[in-house]
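1. need coordinates for the following:
(2 chains)
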Amino acid sequence: MNTGDTGFMLICAALVFFMTPGLAFFYGGLVRRKNVVNTMMACTAIMGLSVVMWVLFGYSLSFGGNHAGIIGDFRWLGLSGIAMDEPGPYAATIPHLVFVAFQMMFAMITPALITGSLVGRVKFKALFLFILFWSIIVYYPMAHMVWGQGGFLAEIGSVDFAGGNVVHISSGVSALVFSIIVGRRRGYETTVYRVHNIPFVALGAFILWFGWFGFNAGSALAANGLAAHAFMTTALASASAMLSWMLIDVVKDGKPTLVGASTGLVIGLVAITPGAGFVPIWSAFIIGGLVSPICCFTISLLKGKLKIDDALDAFGCHGIGGIWGGLATGIFAKSSINEVARWDGIVFGDYRLFVAQVIGILVTIGVAIVGTFICLGIVKIFTTLRVDIREEKVGLDISEHGESAYPTFNGLDS
Amino acid sequence: MIIKVEAIVREEVFEDVKEALQEINVNGITVSQVMGCGTQRGYKKKVRGTKVDVIMQPKIKFEIVVSSEEWEKKTIEAIQKAAFTGEVGDGKIFSYEIRNVMKIRTRESGYDALN
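-> Numbers count the residues shown, from 1 in each chain, chains lettered A, B, ... in the order given. Next up is the predicted model:
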């Protein structure tokens, strides 16, 4: 074990942690004022819940042992059996606990992403319970299948450097299913949902960008050239995607917007996540540049034509961005960059990685859909999913939390 | 007679009142967010464990200027129906006589300004 890798990874874990508060601001700014506390509270409560579950049994189920390539077991219940000064089976140069901590932050941001599609109408109790069950039924198996010892998707050669499948496709698809089942917000067809706090949206996007360097570079699990490579692909993809979205704004509406730029940079980060440590740096320009039009088009289709209320585009951005990123990895990867990739991408003459990627993506989508249905079924035993119409009108901040975000809008304090 | 109808209503009925006014084809509406209290003078609330007095509550004020008593009646009816919930704090509707109106763009005065 060495101190350079350990120090780097601990800092990366803290950076990935910071992404969930960043997401709280990103999502919070996008909703109307009457729901901002509820939206941020969803992320906040997940910060607490995910950590407790991870330490109790989450890490063990995701990374402890292997059963049928799908799930681990309870060998490390409460992290017992993990000594302080041993490296553990996943990274030779850092203490095992550092790996536990780093992965814990992934288990935190993933369910938080789902909350974006549900704003304004889901009971807090229902959401909390849903996340509890979803982590167990969807996230831990996905983490195991992609990154765990003997995980089935890793065995077939599918690659996912920092969590395109595990984090973005799973949460995006689950968000879509949940938002369809819970239904549209009242008045969806005629209401204009204005962004209530654009500075928060930008702040959240910048914090996400900052933390994402830890998310992607840290997935190298060491302070080395691969981490630097992932850092650069991350920077280039998000920058390209931001510029690409600004261009779309200019072409469509004549003016580049801050909300558009913020959205663009986030989806660029999503798209590069599975391939950050597998694709050459120049390809990040293409991966990021193309994700904006792809997501933009899908979002208009989803919301305009199909009228699905994926309120903050959790599927439109993370689901679609993750799918494109996974496929792009199968197109541009070079196994000389990172030998975890057994084959090169299509651009370099091999199709086998691309096929493995497609399988991985389809399995993830399947697990997410089935898992979400099961979780919603369980949650419905305990509580209804949706608030009643009066609560929806007055806003979830008041109805679920008894709090008003900006009580002094007129300068009057009481 | 030119009459201004002023309605102080709950925040959550804002969209219902807006739709009701659109349905009777009333144009020329100004909306503001206000704080106020009526006879109930608020309630007690807990913030981080301490009880706090909440006296003023947020409400929405609609101001609509109409060109006749007939329109005044229609507008007041529509607002009352849309804003009613039956609970204390539903609000009040006031009527004022307006001395004059001028349209800024065309400098028209009186009833012409309201068309």
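2. please identify the buried residues of stretch A:383-394?
-> Neighbour-count burial for stretch A:383-394 flags A:385-387, A:391-394 (criterion: 16 or more other Cβ atoms under 10 Å in any protein chain shown). Backbone N, C-alpha and C define where each C-beta goes, glycine included.
3. same thing with stretch A:226-245?
-> Those would be A:226-227, A:229-231, A:233-245, for stretch A:226-245 by 16+ other Cβ under 10 Å.
4. which non-adjacent residue is nearest residue A:263?
-> Leaving out its chain neighbours, the residue that sits closest to residue A:263 by Cβ to Cβ, 6 or more residues apart in numbering or on different chains is residue A:245, at 6.2 Å.
5. who's in contact with the one you found?
-> A:260-261, A:263-265, A:267, A:292, A:296 (Cβ atoms under 8 Å, 6 or more residues apart in numbering or on different chains).
6. can you check residue A:320 too?
-> Per Cβ under 8 Å, 6+ apart, neighbours of residue A:320: A:172, A:294-295, A:298.
7. point out where chain A drops to low pLDDT.
-> A:408-414 (pLDDT under 70).
8. before we move on, the earlier item: for the contacts of residue A:245, work out which two are farthest apart.
-> The largest separation in those, counting by Cβ to Cβ, is between A:265 and A:296 at 13.8 Å.
9. got a pLDDT number for the residue of chain B found nearest chain A?
-> Nearest residue of chain B to chain A, counting by Cβ to the nearest Cβ: residue B:12, 4.1 Å away. Note on residue B:12: pLDDT of 85.
10. show me what residue of the stretch 101-250 of chain A gets nearest to chain B.
-> As assessed by Cβ to the nearest Cβ, chain B sits closest to residue A:187 within the stretch 101-250 of chain A, at 6.9 Å.
11. who's more crowded, residue A:265 and residue A:296?
-> residue A:265 (27 against 23; other Cβ atoms under 10 Å in any protein chain shown).
12. residue B:106 versus that one, what's the distance?
-> Residue A:265 is 47 Å from residue B:106, where distance means Cβ to Cβ, to the nearest Å.
13. tell me the secondary structure for the residue of the stretch 101-250 of chain A closest to chain B?
-> coil (DSSP: H, G, I helix; E, B strand; the rest coil).
14. in chain B, which spans are helices?
-> According to DSSP state H, chain B carries its helices in the segments B:14-23, B:69-83.
15. want to throw those into CSV with distance to chain A and mean neighbour count?
-> Compiled in CSV, the helices of chain B are given as follows (distance: least, Cβ to the nearest Cβ, whole Å; neighbours: other Cβ atoms under 10 Å in any protein chain shown):
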stretch, distance to chain A, mean neighbour count
helix B:14-23, 7, 16
helix B:69-83, 12, 17
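16. let me have these in JSON lines, extended by distance to residue B:3.
-> Formatted as JSON lines, the helices of chain B follow (distance: least, Cβ to Cβ, whole Å):
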{"stretch": "helix B:14-23", "distance to residue B:3": "15"}
{"stretch": "helix B:69-83", "distance to residue B:3": "5"}
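17. would you single out the least confident of the ones you listed?
-> helix B:14-23 (a mean of 90).
18. thinking again about what came up before, any idea which helix or strand carries the residue nearest to residue A:263?
-> helix A:225-253 (DSSP states H and E).
19. can you give the contact residues for the longest strand seen in chain B?
-> In chain B, ranked by residue count with DSSP state E as the criterion, the top strand is strand B:57-66. Strand B:57-66 is contacted by residues A:404, A:407, A:409, B:2-11, B:13-14, B:17, B:21, B:26, B:28-37, B:42, B:72, B:75, B:79, B:89, B:91, B:98, B:101, B:114 when judged by Cβ under 8 Å, 6+ apart.
20. list buried residues within those.
-> A:404, B:2-11, B:13-14, B:17, B:21, B:26, B:35, B:72, B:75, B:79, B:89, B:91, B:101, B:114.
21. just give the closest residue to residue A:298, not the sequence neighbours.
-> Closest to residue A:298 by Cβ to Cβ, 6+ apart is residue A:320, at 4.8 Å.
22. now do the helices in the stretch 101-250 of chain A.
-> Remark: helices assigned in the stretch 101-250 of chain A by DSSP state H, counting those that start in this stretch are A:124-134, A:140-147, A:152-155, A:170-182, A:198-217, A:225-253.
23. adding distance to residue A:43, write the ones you listed out as TSV.
-> TSV is the format used below for the helices of the stretch 101-250 of chain A (distance: least, Cβ to Cβ, whole Å):
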stretch	distance to residue A:43
helix A:124-134	10
helix A:140-147	20
helix A:152-155	28
helix A:170-182	13
helix A:198-217	10
helix A:225-253	21
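24. nearest to residue A:350, of these?
-> That would be helix A:152-155 among the helices of the stretch 101-250 of chain A, by Cβ to Cβ, at 18.2 Å.
25. where in chain B is the helix or strand with the lowest mean pLDDT?
-> strand B:43-47 (a mean of 67; mean pLDDT, DSSP states H and E).
26. could you list every residue that touches residue A:144?
-> Here residue A:144 is in contact with A:61-63, A:66, A:69-72, A:151 (Cβ under 8 Å, 6+ apart).
27. a markdown table for these, including secondary structure, distance to chain B and neighbour count?
-> Below are those laid out as a markdown table (DSSP: H, G, I helix; E, B strand; the rest coil; distance: Cβ to the nearest Cβ, whole Å; neighbours: other Cβ atoms under 10 Å in any protein chain shown):
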| residue | secondary structure | distance to chain B | neighbour count |
| --- | --- | --- | --- |
| A:61 | helix | 36 | 27 |
| A:62 | helix | 36 | 29 |
| A:63 | helix | 39 | 25 |
| A:66 | coil | 47 | 17 |
| A:69 | coil | 49 | 17 |
| A:70 | coil | 45 | 17 |
| A:71 | strand | 41 | 20 |
| A:72 | coil | 41 | 25 |
| A:151 | coil | 45 | 23 |
